[in-house]
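Q: output the structure for:
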Amino acid sequence: MTTPASATTPQSATAATSSPPGGPGRLGSLGPVGLVLAGGISVQFGGALAVTLMPRAGALGVVALRLLVAAVVLLLVCRPRLRGHSRTDWGTVVVFGITMAAMNGLFYQAVARIPLGPAVTLEVLGPLALSVLASRRAINLVWAALALAGVFLLGGGGFSGLDPAGAAFALAAGAMWAAYIVFSARTGRRFPQADGLALAMAVGAVLFLPLGIAESGAKLADPVTLGLGAAVALLSSVLPYTLELLALRRLPASTFAILMSLEPAIAATAGFLILDQALTTMEAAAIALVVAASMGAVRTQVGGGRKKAAALESTGLEG
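A: Numbers count the residues shown, from 1 in each chain. Down below sits the predicted model:
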C-alpha cells in the first residue's frame, strides 16, 4: 500500500523516480490503468494468501519471509551502489526500512485478527489523514467526516463487531503507512532508480528476521512454507512495484492515487474469494464511505495544486 503529487499510497514514491527492472514488454499492453488495477489486485490477493500462511508460520514469520524474499529479489535486480552516500542518506534509508517493517508487521497482526477488507479500510485512514493535512482546505473536513462515518459503521458504533486489538493494529499500520509515504519520497530523492527501495527492504528484512525466527523457528525452513512465503513476497511487493513503475511512466500521479484508493474494496473482494470473509451490509457501506473519502481528498488536493500553479503562471512567477 506513494505518489509525489498526492501522497496517498505507500508503494511508489521511491519507485516513481526510477525505471522498472525491465522493459514494459507484454505488461505495458495492459494500459496504465490496467497496470495499477493489476498491482492492487496482486497486493490484496497476496495479503489473502498471507492470511492462509499464518497458521503455518505465524504473522511475524510471514512478514519475515515476505521482506526477506522481496529484499533478495530487489537487491539482485537493482544492484544498488553502497558507496558515495552521506550519513544523512543512510539515515533516511534506515528509517524508511524501519517504517516499512513496522507497517507490514502491524498490518499482518491486524489481518490475523480481523477480516482483510476492514483491516485495509482502517489502514488507509493513515494516508487519507496525511492527504487531508497536506491540502489544508476546508472541503477536506467533509472528506474527514465521511471517513469517520465509515469507520463508525465499520466498528458497529464502537468496534463491538471487530476485535479491538485487530482494529488497533490496523490503525497503527495506517500511521506507519503515512510515515512510509514521507520517508519513501525522501529516499527517492536521495537514491537513484530503485536503489533506496532495495536497501530499505534489506534493512526491514534484517530487522524482522529475528522476530520471525523467534515466533516460528524451524517452521520457516519448511519447503512449502518457503514457497508460499516467496509467493506472498512476489504478489505483495515485487510484482506490484514493477506494475506501478510501468504505469507511472504514462499515468498522472493524481489518477494513480485515485485508483489506489480502491484498495479497500479490492481487499474485501480478495477476502471474500480466498478467505470466505463475507461482509455485512453495514461493513460494505463503511468501506464505500472510506473509498469515497479517499478519492475526494485526492481530487481536492490535486485540484488545489492545479489552481495554485495556474495562479503562479498568471502572475509570471512560475518556473
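
Q: for the rest of this, base every contact and every neighbour count on C-alpha atoms.
A: OK.

Q: quick one, phi/psi of Gln193?
A: When read as degrees, to the nearest 10, the backbone of Gln193 gives phi 50, psi -130.

Q: can you give me the neighbour number for it?
A: Using other CA atoms under 10 Å, Gln193 has 20 neighbouring residues.

Q: roughly how far does it sit from Arg81?
A: Separation of Gln193 from Arg81 (CA to CA, to the nearest Å): 11 Å.

Q: just checking, Ile274 touches Ala48?
A: Yes. With contacts counted by CA atoms under 8 Å, Ile274 reaches Ala48, the gap being 6.3 Å.

Q: who's more crowded, the two?
A: Using other CA under 10 Å as the criterion, Ile274 and Ala48 rank with Ala48 on top: 26 against 14.

Q: and the helix or strand containing the more buried one, what does it pack against?
A: Following DSSP states H and E, the helix or strand that holds Ala48 is helix 32-78. Counting contacts by 3 or more CA pairs under 8 Å, 6 or more residues apart in numbering; DSSP states H and E, helix 32-78 packs against helix 87-111, helix 195-216, helix 223-233, helix 239-248, helix 253-260, helix 263-275.

Q: can you read off the pLDDT for Gly156?
A: pLDDT recorded at Gly156 is 61.

Q: chain center to the helix holding Ala48: distance?
A: A distance of 11 Å separates the centroid of the chain from that of helix 32-78, by CA atoms, centre = their mean, to the nearest Å.

Q: and the angle from that helix to helix 87-111?
A: On the basis of axes from the mean of the first three to the mean of the last three CA atoms, to 10 degrees, helix 32-78 is oriented at 120 degrees to helix 87-111.

Q: and helix 32-78, average pLDDT?
A: On average, the pLDDT along helix 32-78 is 90.

Q: is Ser42 in contact with Ala233, as I believe?
A: No. With contact defined as CA under 8 Å, Ser42 does not count as touching Ala233 (10.4 Å).

Q: got the phi/psi numbers for Ala278?
A: The phi/psi pair for Ala278 (degrees, to the nearest 10) is phi -80, psi 150.

Q: my error: substitute Phe191 in the last question.
A: With angles defined as degrees, to the nearest 10, Phe191 sits at phi -120, psi 140.

Q: so who does it touch?
A: Residues near Phe191 by CA atoms under 8 Å, 6 or more residues apart in numbering: Asp89.

Q: the chain should start at 33 in everything you say after this.
A: Noted, 33 is the first residue going forward, which turns the last one into Phe223.

Q: now do it, the pLDDT please.
A: Phe223 is assigned 87 on the pLDDT scale.

Q: would you mind measuring from it to Leu229?
A: Counting by CA to CA, the gap from Phe223 to Leu229 is 9 Å.

Q: what's the closest non-adjacent residue to Val143?
A: Using CA to CA, 6 or more residues apart in numbering and skipping residues adjacent in sequence, the residue nearest Val143 is Ala151, 6.2 Å away.

Q: buried stuff in the helix or strand hosting the one you found?
A: Assigned by DSSP H and E, Ala151 belongs to helix 148-155. Going by neighbour count (16 or more other CA atoms under 10 Å), the buried part of helix 148-155 is 148-155.

Q: avg pLDDT for the next helix or strand after it?
A: For helix 148-155, the succeeding helix or strand toward the C-terminus, using DSSP H and E, is helix 157-167. Throughout helix 157-167, pLDDT has a mean value of 74.

Q: residue ranges with poor pLDDT in the stretch 183-332 of the chain?
A: Scanning the stretch 183-332 of the chain for pLDDT under 70 picks out 187-193, 277, 280-281, 284-289, 330.

Q: could you rerun that using 80?
A: Regions of the stretch 183-332 of the chain meeting the criterion pLDDT under 80 cover residues 183-194, 225, 273-274, 276-293, 311, 315, 325-332.

Q: Gly249: neighbour count?
A: For Gly249, the neighbour count with other CA under 10 Å is 13.

Q: show me the contacts for it.
A: Taking CA under 8 Å, 6+ apart, one finds nothing in contact with Gly249.

Q: distance of Leu108 relative to Leu165?
A: Following CA to CA, the distance that separates Leu108 from Leu165 is 38 Å.

Q: who has more neighbours, these two?
A: For Leu108 versus Leu165, neighbours defined as other CA under 10 Å are more numerous around Leu165 (14 against 11).
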